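*Asks:* Sequence and computational prediction follow.
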Amino acid sequence: MSDLRDLYQEVILDHNRSPRNFGALEDADAQADGHNPLCGDRLSVAVKLDDGVVTDLRFEGSGCAISKASASLMTEEVKGKTLDETLALFERFHKLVTAHSDSHVDGDTDLGKLAVFAGVRDYPARVKCAVLAWHTLRAAVDGHHDVVSTE
Ligand code: ZN
């Protein structure tokens, strides 16, 4: 299990160092800003939509390693998915990071690389860092253009 933890840690550090899909998105169809006041993370997520499919998305901002890595991995997982699939994935990701430690959500293999955030549940203060990008993405596709807060 500690090997797995090391691997997870490695993926998070890698995405923090070299975030994927980071920067401005030209001609975005929807955009929202997210703020996690507890940690000071600020992210902006922009998406391109085509017939209910997220064809492209990028994020900008600054925050801790967890918030940046989560946003980076989110953009990789969500690209090409429908909005329904995206919101369903958010539900499951949310369950993963908030599940009680002795539950067996770890077996949710469909989460792919997002499973690296399973360890976050042991640090309740970091859960909001992990879900910030997702809340912001949801706000963007819901058509809310106000700043969302995890509070
Ligand atoms: Zn944070």
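*Replies:* Done, it's in. Remember, predicted model here, so these are calculated numbers, not experimental data.

*Asks:* For residue 36, give its distance to the ion.
*Replies:* From residue 36 across to the ion, the span is 6 Å (Cβ to the ion, to the nearest Å). Bear in mind the C-beta positions are built from the backbone N, C-alpha and C, glycine included.

*Asks:* Surely that residue and residue 149 touch.
*Replies:* Yes - shown here, residue 36 and residue 149 form a contact pair, counting by Cβ atoms under 8 Å, at 7.4 Å.

*Asks:* With neighbour numbers in mind, choose between these two.
*Replies:* Taking neighbours as other Cβ atoms under 10 Å, residue 36 and residue 149 compare with residue 36 leading, 26 against 14.

*Asks:* pLDDT wise, what is that one at?
*Replies:* You'll see residue 36 listed with a pLDDT of 97.

*Asks:* Toward the C-terminus from the helix or strand hosting residue 49, list the very next helix or strand.
*Replies:* Assigned by DSSP states H and E, residue 49 falls within strand 41-50. Proceeding C-terminally, strand 41-50 gives way to strand 53-62 as the next helix or strand, assigned by DSSP H and E.

*Asks:* Which positions in this protein make contact with the ion?
*Replies:* 39, 41, 64, 67, 129 (Cβ under 5 Å from the ion).

*Asks:* Please flag which of those sit within strands.
*Replies:* Assigned to strands by DSSP state E, the following of the residues of the chain next to the ion qualify: residue 41.

*Asks:* would TSV of the residues of the chain next to the ion with neighbour count and distance to residue 58 be doable?
*Replies:* TSV is the format used below for the residues of the chain next to the ion (neighbours: other Cβ atoms under 10 Å; distance: Cβ to Cβ, whole Å):
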residue	neighbour count	distance to residue 58
39	17	21
41	24	17
64	17	19
67	28	15
129	27	19
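
*Asks:* what's the farthest-apart pair in the residues of the chain next to the ion?
*Replies:* The distance between the two most remote of the residues of the chain next to the ion (Cβ to Cβ) is 6.9 Å, for 39 and 67.

*Asks:* How confident was the prediction at residue 86?
*Replies:* pLDDT at residue 86 comes out at 94.

*Asks:* returning to what we had before: shared neighbours, residue 39 and residue 67?
*Replies:* Jointly contacting residue 39 and residue 67 under the rule Cβ atoms under 8 Å, 6 or more residues apart in numbering are residue 129.

*Asks:* what's the angle from the strand or helix carrying residue 135 to strand 53-62?
*Replies:* In the assignment (DSSP H and E), residue 135 maps to helix 124-141. Relative orientation of helix 124-141 versus strand 53-62 (axes from the mean of the first three to the mean of the last three Cα atoms, to 10 degrees): 130 degrees.
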